[in-house]
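Visitor: structure here, sequence nowhere to be found:
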């Protein structure tokens, strides 16, 4: 099961007078990630590099920001790939200390900075939600409202019409099939679903 990070976590590493400031945090998508990188550049105008790696929305990306190709962003991304995380941005701000680290030293510094932050990060499972739409008889509305919490469901809207109560409810995808069965049993064939089974 994929996880997300509950809150941003930072790390810091000093290596041959170079300072590496790492952060791992949740982001919704690439747009939010790039905005965060721009913010870091503004907060650290004297930094030599702001390197980053992203996994969000089924996509991944990495950027070396002027470091030798493949020594920063890609190794950071490899650390993220082994964590079963979704919607996560790893950034490392580097202040150059005057002593070259070599390609191997850079890879170790960037990966260690991200790995140290992840060791302290609190993870929470990603709960995928779905919305169900149905029409129930008026007599079933009260029962339905009482039943929703048992399935982790939230009532979004109930509209009263001539043929019953049109209900929109949001709940975890893992609960959707059981909720449908329970409501169908209670409604004795009188519940009308407004989307196909399985959506």
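Guide: Here it is on my side, so go on. This one's a predicted model, so the numbers in the text were calculated from it and none came from an experiment.
Visitor: tally of neighbours for residue 127?
Guide: Neighbours of residue 127 under the rule other C-beta atoms under 10 Å: 13. Just so you know, the C-beta spots here come from the backbone N, C-alpha and C atoms, and that holds for glycine as well.
Visitor: per-residue pLDDT, it?
Guide: Looking at residue 127, its pLDDT stands at 75.
Visitor: who does the closest residue to it other than its chain neighbours form a beta bridge with?
Guide: Leaving aside its chain neighbours, residue 127 sits nearest to residue 172 (5.2 Å; criterion: C-beta to C-beta, 6 or more residues apart in numbering). Beta-bridge partners for residue 172, by DSSP bridges, are residue 129.
Visitor: how close does residue 172 sit to residue 110?
Guide: According to C-beta to C-beta, to the nearest Å, residue 172 and residue 110 sit 36 Å apart.
Visitor: these two: which is more packed in?
Guide: Legend: neighbour count by other C-beta under 10 Å for residue 172 and residue 110, higher for residue 110 (28 against 14).
Visitor: for the residue in the chain sticking out farthest from the centre, give me the backbone phi and psi.
Guide: Relative to the C-alpha centroid of the chain, counting by C-alpha atoms, centre = their mean, residue 162 is the outermost residue, at 41.4 Å. Dihedral angles of residue 162 (phi, psi; degrees, to the nearest 10) stand at phi -70, psi -30.
Visitor: again with residue 44
Guide: Dihedral angles (degrees, to the nearest 10) for residue 44: phi -130, psi 70.
Visitor: quick check, it in contact with residue 93.
Guide: Yes. Residue 44 lies in contact with residue 93 (C-beta atoms under 8 Å); the separation is 4.9 Å.
Visitor: longest helix anywhere in the protein?
Guide: For the chain, the helix with the greatest residue count under DSSP state H is helix 102-120.
Visitor: dump the residue contacts of the most centrally placed residue in the chain.
Guide: Per C-alpha atoms, centre = their mean, the C-alpha nearest to the average position across the chain is that of residue 87, at 3.1 Å. For residue 87, the contact set (C-beta atoms under 8 Å, 6 or more residues apart in numbering) comprises 4, 26, 27, 28, 29, 55, 56, 57, 126.
Visitor: all set, thanks.
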